[in-house]
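Enquirer: missing the sequence, but the structure's below:
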């Protein structure tokens, strides 16, 4: 009798379980005028994980993040949008921080991490961003044309 009870308890704990329902997930990638939109949906959590990128640029919560070489110090970088005036990256730090993005990384040797963040609103209708990390240094170029169309496609895909 004790053996039968033990078998029932064992079976209830480790044996037959209720059937699992697989979590419904879907994913797709779409190209929009040079930008790549990747979307992964999780039906169980009713959420979407989205990534919008183009070369060195990636959109994140209202900011376009440009990733240069990780060892590059961008703390004193200056950028130009198309043929506009030069603008120091430090001028955008409060706007970036207010959107919940970090300004610095946890690296004492290079807290900038080779990253330049520009609020996406400043890039509306722009074609090219040029970034100079130090006076008379290398100028990094990144195309940003059609960002508006890519952001619209992202919203239509249900991305936040």
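Expert: Received it, and whenever you're ready, just let me know what you need. Please read these numbers as outputs of a predicted model, since none were measured by experiment. Numbers count the residues shown, from 1 in each chain.
Enquirer: quick one, phi psi at residue 54?
Expert: Backbone geometry at residue 54, expressed as degrees, to the nearest 10, gives phi -160, psi 110.
Enquirer: pretty sure it sits against residue 143.
Expert: Yes. Between residue 54 and residue 143 there is a contact under Cβ atoms under 8 Å: 6.7 Å. Every residue, glycine included, has its C-beta placed from N, CA and C.
Enquirer: so which of these two has more stuff around it?
Expert: When residue 54 and residue 143 are compared for neighbours, residue 54 comes out ahead with 21 against 16, by other Cβ atoms under 10 Å.
Enquirer: mind checking how far the closest residue in space to the more buried one that isn't next to it in sequence is from residue 106?
Expert: Leaving out its chain neighbours, the residue that sits closest to residue 54 by Cβ to Cβ, 6 or more residues apart in numbering is residue 35, at 4.6 Å. Distance, residue 35 to residue 106, by Cβ to Cβ, to the nearest Å: 29 Å.
Enquirer: nearest residue to the middle of this structure?
Expert: residue 60 (4.2 Å; Cα atoms, centre = their mean).
Enquirer: list the contacts of the residue nearest to that residue when sequence neighbours are not counted.
Expert: Among residues not flanking residue 60 along the chain, residue 101 sits closest, at 6.5 Å (Cβ to Cβ, 6+ apart). By Cβ atoms under 8 Å, 6 or more residues apart in numbering, the residues touching residue 101 are 60-61, 63, 65, 117.
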